[in-house]
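> I'd like to go over a predicted model; first the sequence, then the structure.
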Amino acid sequence: MKSYPLIASAALIALLAGCAGKVEPEYPPSELTAFDPQVVLDERWDQDVGDGLGTARYPITPTLDDGRLFVADQSGLLRAIDAENGETRWEVALDAPVSSGLTAVAGRVYLGTRNGEVLALDQEDGEEIWRSRVSSEVLAAPQANRSLLVVQSVDGAVTALDRESGEERWVYTTNQPALTLRGTGTPRVIEQVTFAGFANGRVATLDNRSGQSLWDLRVAVPQGRSEVDRLVDLDGQPLLTRDGRLYVTSYNGRLLALEATSGEILWSREMSSYLTPLLVGDTLFTVDEASHVLALDALSGRLLWESDALEGRWLTAPAFVDGHIALGDYEGYLHLLDADDGAIAGREDLGGDGISLPLLADEGRLYIMTNDGELSAFDVEPVED
């Protein structure tokens, strides 16, 4: 059996849901080496958020809106925190175990649960506004436009709910393979359409009026004899630009740049990744399954630089802060790479049983939650001569 990466740290939870037996990492974690620091990370505040992500490492990514962080733990603790000083504004205990990332928009907080419920809560006090049930467990953060809340559940179904009432508007279903990655693609939702990637290696554009597919495309082709070898999951979130380009990553597949309205391929690169890419100007940053960090020309796909300094360290999706690419790793280190050339510019050891959630960046500040629930805010400062 081919070896596959793991997404957890101490517990070494296999990336493959449903795959029995021991799974050895294909890329042993690289040792961290000395470097000449260009920036330092100044911790502004920190606090513990319940029991964190739990042993299953649920992807309960915090969200930021109107100067407040909204965070939760896997047991149902939900908290609003002042992003500037770390003070708790309010805290509630939900009667459901949280399993998805959070989304905060227009005065509400949305999240999903392990028992297939979606909750809408008031940003001012955490009071529940409505809850609805979808077809299965929710791991991907619900995504909103002005009228809909779109939820992708682990069985591959995409459900559109009315944002005001929680009533179901439409459901789009796909055929799921026997084995998938531990995770779910997060849809990209705009006013007219939803872009969604699936565990069968396809990406589809759905009409938000009806849920009907406008076009769909195979991003990754299953290869190999066993079901494990044939995994082609799309676990990241499609990245949409203002001028209508769509970037999609896939596991055991390709990185594609597409024309969003038609699905026409603009360029393609053979690459295996289960993380969401990042666009800064005309540069696309992505992390592959080996935890190599790549910078590509977003218009042509040309490689600008590639760093293997953090190979095998199970990096998070990239974030951009103050000219640097920020990434967390399985041991709890926060790394900053120079966005121009990929050189390591800064590092901080947060511990916390590792970092698996994407980092939040906002105007020179980073917000990081470790797997055991320690939430910290860091300012990025240049090293003084």
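Great, that's in hand. Numbers count the residues shown, from 1 in each chain.
> C-terminal to the lowest-mean-pLDDT helix or strand in the chain, what's the next element?
Lowest on mean pLDDT, DSSP states H and E among the helices and strands of the chain sits strand 16-17, with a mean of 38. Moving toward the C-terminus from strand 16-17, the next helix or strand (DSSP states H and E) is strand 39-48.
> by contact count, what packs against that following strand?
strand 333-338, strand 344-349, strand 374-382 (3 or more C-beta pairs under 8 Å, 6 or more residues apart in numbering; DSSP states H and E). Using the backbone N, CA and C atoms, a C-beta is placed for each residue, glycine as well.
> what does it contact?
The list of residues contacting strand 39-48 from outside it, by C-beta atoms under 8 Å, 6 or more residues apart in numbering, reads 81, 85-86, 88, 322, 324, 334, 336, 345-346, 348, 365-366, 373-383.
> give me the angle between that strand and strand 333-338.
Counting by axes from the mean of the first three to the mean of the last three C-alpha atoms, to 10 degrees, strand 39-48 lies at 150 degrees to strand 333-338.
> so how far is strand 39-48 from its chain's centroid?
Distance, stretch centre to chain centre, for strand 39-48: 22 Å (C-alpha atoms, centre = their mean, to the nearest Å).
> what residues sit buried inside that strand?
39, 40, 41, 44, 46 (16 or more other C-beta atoms under 10 Å).
> CA atoms of that strand as CSV?
Once non-C-alpha atoms are left out, strand 39-48 reads as follows in CSV (Å, rounded to 0.1, in the frame of the first residue of the first chain):
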residue,chain,number,x,y,z
VAL,A,39,10.9,39.6,11.9
VAL,A,40,9.8,38.7,15.4
LEU,A,41,6.4,37.7,16.6
ASP,A,42,5.2,39.9,19.5
GLU,A,43,2.4,38.1,21.5
ARG,A,44,-0.3,40.6,22.4
TRP,A,45,-2.7,38.3,24.2
ASP,A,46,-3.8,34.7,24.6
GLN,A,47,-6.5,32.6,26.2
ASP,A,48,-7.7,29.0,26.3
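> each with direction, which strands does it pair with?
Sheet pairing for strand 39-48, assigned by DSSP bridges, gives strand 374-382 (antiparallel).
> now do the partner strand: everything it contacts.
Contacts of strand 374-382 (C-beta under 8 Å, 6+ apart): 38-49, 52, 62, 69, 71, 81, 83, 86, 321-322, 324, 334, 336, 346, 348, 350-352, 364-370.
> which one of the buried residues of strand 39-48 is nearest to residue 305?
Ranked by distance to residue 305 (C-beta to C-beta), the buried residues of strand 39-48 are led by residue 39 at 18.4 Å.
> the residue nearest to the closest one when sequence neighbours are not counted and residue 32: what is the separation?
Spatially, and ignoring its direct neighbours in sequence, residue 39 is nearest to residue 346 (4.2 Å; C-beta to C-beta, 6 or more residues apart in numbering). According to C-beta to C-beta, to the nearest Å, residue 346 stands 12 Å off from residue 32.
> more crowded one of the two?
residue 346 (22 against 16; other C-beta atoms under 10 Å).
> residue contacts, that one?
37, 38, 39, 40, 41, 324, 335, 336, 380.
> which regions of the chain sit below the pLDDT cut-off?
Across the chain, the ranges flagged by pLDDT under 70 are 1-25, 177-183, 221-233.
> tell me how many other residues crowd residue 36.
8.
> still on that earlier bit, selecting buried members of the contacts of strand 39-48 in ChimeraX, what would you type?
In ChimeraX, this line selects whichever of those come out buried by 16+ other C-beta under 10 Å:
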select :81,86,322,324,334,336,345,346,348,365,366,373,374,375,376,377,378,379,380
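> assign residue 300 to helix, strand or coil.
The assignment at residue 300 comes out as coil when based on DSSP: H, G, I helix; E, B strand; the rest coil.
> excluding its backbone neighbours, what's nearest it?
residue 267 is the one closest to residue 300 (C-beta to C-beta, 6+ apart), at 6.2 Å.
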